[in-house]
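>>> can't give you the sequence, but here's the structure:
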């Protein structure tokens, strides 16, 4: 059974940084495409960043390009999201997602079949 557990969320001020971690068990991030999604109150869940199963290609939503970086530790089986220059509009619950597919990066939620429980990120102005 695949299990994803996010950590590292919290409260930050505008311009500060946070790093989210997603500890993966039951599968290897070396064989699965992965992604970070977020959902703000009253809004639909949106993809933030995705990385392919090879770990060589990543893609980002326009609003976070140049500020967020998705990466993985293939030995510890952990996915990261480094968030810099945070803005109040980054406030959301962030979710880690794993695909059963090796390629990617995938941009559609239906391509991911395992999800974490979410980690709250709050950015104050």
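Thanks, I have it. None of these values were measured; they are calculated from a predicted model. Residues are numbered from 1 along each chain as shown.
>>> all contacts plus neighbour counts: C-alpha atoms, from now on.
OK.
>>> what's the first-to-last distance across stretch 37-54?
With CA to CA, to the nearest Å as the measure, the ends of stretch 37-54 fall 20 Å from one another.
>>> Contacts for that stretch, please.
29-36, 57-61, 64, 69-71, 91-97, 101-109 (CA atoms under 8 Å, 6 or more residues apart in numbering).
>>> run the last query once more with 7 Å
30-36, 57-61, 70, 91-96, 102-107 (CA atoms under 7 Å, 6 or more residues apart in numbering).
>>> What residues sit buried inside that stretch?
Along stretch 37-54, these residues count as buried under the neighbour rule (16 or more other CA atoms under 10 Å): 37-40, 45-53.
>>> Now these in TSV, please, with extra columns for distance to residue 7.
Listed next are the buried residues of stretch 37-54 as TSV, based on distance: CA to CA, whole Å:
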residue	distance to residue 7
37	14
38	14
39	16
40	18
45	19
46	19
47	18
48	16
49	17
50	18
51	19
52	22
53	22
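>>> Quick check: residue 16 is in a strand.
No - under the criterion used here (DSSP: H, G, I helix; E, B strand; the rest coil), residue 16 is coil, not part of a strand.
>>> For burial, what's the neighbour tally of it?
Neighbouring residues of residue 16 were enumerated by other CA atoms under 10 Å; the total is 14.
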